[in-house]
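S.K.: whatever this is, show me its structure:
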Amino acid sequence: MNKKVKHELLVPAGNYASVVAAINNGADAIYIGGKKFGARAFASNFSEEEIENVIKLCHLYGVKVYITVNTLVYDNEIEEAINYIRNIHSYGVDAVIMQDVGLINLVHQMFPNLEIHASTQMHNHSKESLKFLENLGIKRVVFAREMPYEYMSEIETNLEKEVFIHGSLCVSYSGQCLFSSCILNRSGNRGECAGMCRLPYKIYENGNLISTKGNYLLSPKDLCSIDHFKELLDSDIVSFKIEGRMKSPAYVGTVTRIYKNLMNQYENGEELCVNEKDLDLLKSIFNREYTRGFLFNDKDIMNFMAPNHMGVHLGDVIGVTTKKIKIKLDRDLKQFEGIRFKESNKGITINFLYDEKDNLINGAKKGDIVYLDNFINLKNTLEEVLLTTPLVKDDENITKKIPIDVQCEARLNDVLTITITDGENTIILKGNSIQESKTSPVTQERIESCLRKTGNTPFEIKELQIKCDENIFISIGSLNALRREALDKLKGIRENTKVDVIENSFSSVAAEYENTGEVINVLVRSEEQIKACKDLGIKNIIVENPKLMEPYFIYKVPRDKIEHKYSFAELLVTDYASMSIYPNNIGDYHLNITNHYTFDYIKPHLRTAMLSVEMSFDQIQEFMKYYPYGNASEILVYGRVELMLMKYCPLNRIVNKDKVCQVCQKGNKYELEDRNKALYPLINNPVTHSTTILNCEITNKINDINKYLDLGIHNFRVEFTDEDYDKSMEVLTSVINEIKRK
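M.R.: Now for the predicted structure:
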């Protein structure tokens, strides 16, 4: 066991019932979100008053509280975000989980006593990105979910390490998904993810449909690391995180209990073991089938058949009439549990359950035959039945108790003294002077009986020591009062555990940028596009395929691979790691710049920086108010936005059947088709073998170039996909003419 590491089980809580479940089942810390600025906007979440109460409750039971403030923010939201963070800091939050670089820097400068954790949304995937976070004032890094455990454990850093161990996976690289933002105007970076990866798709090769077993081509299984949990516990990883702020309290309680039991076994030097009953319960609470994920290099990461909860096998339909469904059970079933018929995908809650004599029953055993009312009009007799909602009673109240030690001294001619300690906090209270008893001396047994009355308080006595003389008189009323006062004081101390709030003034200092003229940067993916650029005299040509590289071209650094040997004249840097180690280059829109605080913090690393493609014109206009003389920002005026970057490659899985893959070398055209017949080009990076999904629609802001010039923006990006020479010439000529027209 790694003696240097105190492990933490970090548990999600989307509502108060989940907070109770987390505490009762052994969570060391919980993470919650407020009504704004959290990456789960559609969870119940908590008001500020509720947050303050949750923090007090959790601190009382020794559970830390982290609050998600992990969305990108716009300039007109900064003041509100700072006020919110100031408030939750004063309530005693143990840390905030954040994504926005500008807001992180601002908060770190203003509130130096507030601990900040770097959200997985920051795409934390390399030692270089961790160094960037250290310089930013981060205390803990939440690793990207596509990172393998081996690499996490090898990285040397001063940051605490946190990793997801159970729950839903994103198919996109963390913080690099723009799918629901571009298609439905619901930004994943703003907590509004629409789950585009959970929808059905078809895949085409050169316009021809490829047959697939199942259509959920972007839907990952759920992560479960139980089989490898000891390896994680042996590492220097501090915090083990469970996903699920939108899951039920039953899910939170079950998953927490199972992993906490494993942690306790580890601490006790026992072999880690989960019984079959708990594993079945885990699956029945929620699973999309399980995978070890990229965390342990599992290739079987996708579930093409279904994007929703799979449940566990319950039995099979053996007969159907218009009135009744007949089922042979392969496991126990209880009334009010939820089931689903797999083939027809119809689900019901069992309100009425019948035996073979048509008697209503409240449960049945494995091997029994039972009947259900057929109000769902089930017709197929070849149906597997799945248990999807087991009957798990939610805890309404906290049942956890806080162990304390109590010591009482009652010496003749001295004052009565009670000492209570929880191991960290000690309360010492003194009562009246002890007198000799004239008629009814108080026995040690009576004193003990009084002191053990913790009642409905959260405490339980682990050890009680009484040191008293014989033949003494103590008022039982005063002893009870002293005990109650001591417990109340200890409760108050624990509830109000917090660091001091220190607030500094801080304002971002923006540099004055000289306008060096209008610049067009063009990303190309073919020789024809390169020729069009050259014929029009465009010098800033960006390539992502090294085979297209020529002297003085700009090379686009892969977002998922860091190299230290690039010798190209200039680079397009795509994440904070490459930005840090390759200064004075061009920054891509994947840096997620949505406010001037972020721009001012990262601009010293860059020559120009591209604004987020999620920003509207009004938001860009607000941003540019801070740069009255113009700046070195860039916007996309033409091209298909990269919606997802995936470590999982559908081409290798579907086309090449997971063999050594050379699909991306063949030059074929691959596209995904959604339910609305929209086509999304797939681009495979030949360097990293990762896959990018491009937007079905082309962003075209060429006619708005003059409006952006009026704002002080002078750098414009064009990104080509499969445009031929003539189309490339047409687009570039339009951009040039718009700039000249100004």
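S.K.: in the stretch 251-400 of the chain, which spans are strands?
M.R.: 290-291, 312-320, 324-329, 333-334, 338-341, 346-349, 353-354, 360-361, 363-364, 369-373, 384-389 (DSSP state E, counting those that start in this stretch).
S.K.: including mean neighbour count and distance to residue 628, could those strands go into JSON lines?
M.R.: The way it works is simple: take the backbone N, C-alpha and C, and place the C-beta from them, glycine included. Listed next are the strands of the stretch 251-400 of the chain as JSON lines, based on neighbours: other CB atoms under 10 Å; distance: least, CB to CB, whole Å:
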{"stretch": "strand 290-291", "mean neighbour count": "21", "distance to residue 628": "52"}
{"stretch": "strand 312-320", "mean neighbour count": "18", "distance to residue 628": "63"}
{"stretch": "strand 324-329", "mean neighbour count": "19", "distance to residue 628": "71"}
{"stretch": "strand 333-334", "mean neighbour count": "20", "distance to residue 628": "69"}
{"stretch": "strand 338-341", "mean neighbour count": "20", "distance to residue 628": "60"}
{"stretch": "strand 346-349", "mean neighbour count": "15", "distance to residue 628": "59"}
{"stretch": "strand 353-354", "mean neighbour count": "19", "distance to residue 628": "72"}
{"stretch": "strand 360-361", "mean neighbour count": "12", "distance to residue 628": "77"}
{"stretch": "strand 363-364", "mean neighbour count": "18", "distance to residue 628": "73"}
{"stretch": "strand 369-373", "mean neighbour count": "18", "distance to residue 628": "71"}
{"stretch": "strand 384-389", "mean neighbour count": "21", "distance to residue 628": "59"}
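S.K.: among those, which comes closest to residue 723?
M.R.: strand 290-291 (38.0 Å; CB to CB).
S.K.: pLDDT of the closest one, averaged?
M.R.: The average pLDDT for strand 290-291 rounds to 96.
S.K.: ok, it: who's next to it in the sheet?
M.R.: Take DSSP bridges as the rule and strand 290-291 pairs in its sheet with strand 222-224 (parallel).
S.K.: which outside residues touch the partner strand?
M.R.: 145, 164-169, 243, 282, 286-293, 295 (CB atoms under 8 Å, 6 or more residues apart in numbering).
S.K.: show the buried residues in those.
M.R.: Among the contacts of strand 222-224, the ones that count as buried by 16 or more other CB atoms under 10 Å are 145, 164-169, 243, 282, 286-288, 290-293, 295.
S.K.: mind listing which of those residues are in helices?
M.R.: The helices, defined by DSSP state H, take in residue 282 from the buried ones among the contacts of strand 222-224.
S.K.: could you chop the protein up by domain?
M.R.: 8-169+222-270, 312-389, 402-495, 519-640+698-741 (automatic domain parsing).
S.K.: now do the last one: distance to the chain's middle.
M.R.: For domain 519-640+698-741, the distance between its averaged C-alpha position and the chain's averaged C-alpha position is 29 Å (CA atoms, centre = their mean, to the nearest Å).
S.K.: mean confidence for that domain?
M.R.: What domain 519-640+698-741 shows for mean pLDDT is 94.
S.K.: same check on the first one?
M.R.: Averaged across domain 8-169+222-270, the pLDDT comes to 95.
S.K.: go on, the shortest one?
M.R.: Averaged across domain 312-389, pLDDT comes to 95.
S.K.: kindly report the same for the third one.
M.R.: Mean pLDDT, domain 402-495: 94.
S.K.: coming back round to it: any idea which of the domains of the chain is most buried?
M.R.: Mean neighbour count (mean count of other CB atoms under 10 Å) peaks for domain 8-169+222-270 among the domains of the chain, with a mean of 21.
S.K.: gap between the two ends of that one?
M.R.: 18 Å (CA to CA, to the nearest Å).
S.K.: next: stretch 384-393.
M.R.: Stretch 384-393: ends 26 Å apart by CA to CA.
S.K.: neighbouring contacts of it?
M.R.: 250, 253-254, 281, 284-285, 309-317, 327, 331, 333-343, 347, 349.
S.K.: distance between that stretch and the chain's centre?
M.R.: Relative to where its chain is centred, stretch 384-393 has its mean C-alpha point 26 Å off (CA atoms, centre = their mean).
S.K.: please shift the residue numbers so they start at 836 in all later answers.
M.R.: That works, and once the first residue is 836, the last one we named lands at stretch 1219-1228.
S.K.: quick one, phi/psi of the residue lying closest to residue 1387 once chain neighbours are set aside?
M.R.: Nearest non-adjacent residue to residue 1387, counting by CB to CB, 6 or more residues apart in numbering: residue 1404, 4.9 Å away. Main-chain dihedrals, residue 1404, degrees, to the nearest 10: phi -60, psi -40.
S.K.: so residue 1404 sits right up against residue 1385, yeah?
M.R.: No. Residue 1404 lies out of contact with residue 1385 (CB atoms under 8 Å); the separation is 10.0 Å.
S.K.: returning to that earlier point: redo the strands of the stretch 1086-1235 of the chain as JSON lines? Include distance to residue 932.
M.R.: Below are the strands of the stretch 1086-1235 of the chain laid out as JSON lines (distance: least, CB to CB, whole Å):
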{"stretch": "strand 1125-1126", "distance to residue 932": "25"}
{"stretch": "strand 1147-1155", "distance to residue 932": "33"}
{"stretch": "strand 1159-1164", "distance to residue 932": "44"}
{"stretch": "strand 1168-1169", "distance to residue 932": "38"}
{"stretch": "strand 1173-1176", "distance to residue 932": "32"}
{"stretch": "strand 1181-1184", "distance to residue 932": "34"}
{"stretch": "strand 1188-1189", "distance to residue 932": "44"}
{"stretch": "strand 1195-1196", "distance to residue 932": "48"}
{"stretch": "strand 1198-1199", "distance to residue 932": "42"}
{"stretch": "strand 1204-1208", "distance to residue 932": "44"}
{"stretch": "strand 1219-1224", "distance to residue 932": "30"}
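S.K.: which one of those strands lies closest to residue 1285?
M.R.: Of the strands of the stretch 1086-1235 of the chain, nearest to residue 1285 by CB to CB is strand 1168-1169, at 44.5 Å.
S.K.: so what strands line up beside that closest one?
M.R.: The strands beside strand 1168-1169 in its sheet (DSSP bridges) come out as strand 1198-1199 (antiparallel).
S.K.: wouldn't residue 990 be in contact with residue 966 here?
M.R.: No. The pair residue 990 / residue 966 is not scored as a contact, 9.9 Å apart, by CB under 8 Å.
S.K.: look up how far residue 1416 lies from the closest residue to residue 1354 other than its chain neighbours.
M.R.: Leaving aside its sequence neighbours, residue 1354 sits nearest to residue 1550 (CB to CB, 6+ apart; 4.8 Å). Note on residue 1550: its distance to residue 1416, by CB to CB, to the nearest Å, is 22 Å.
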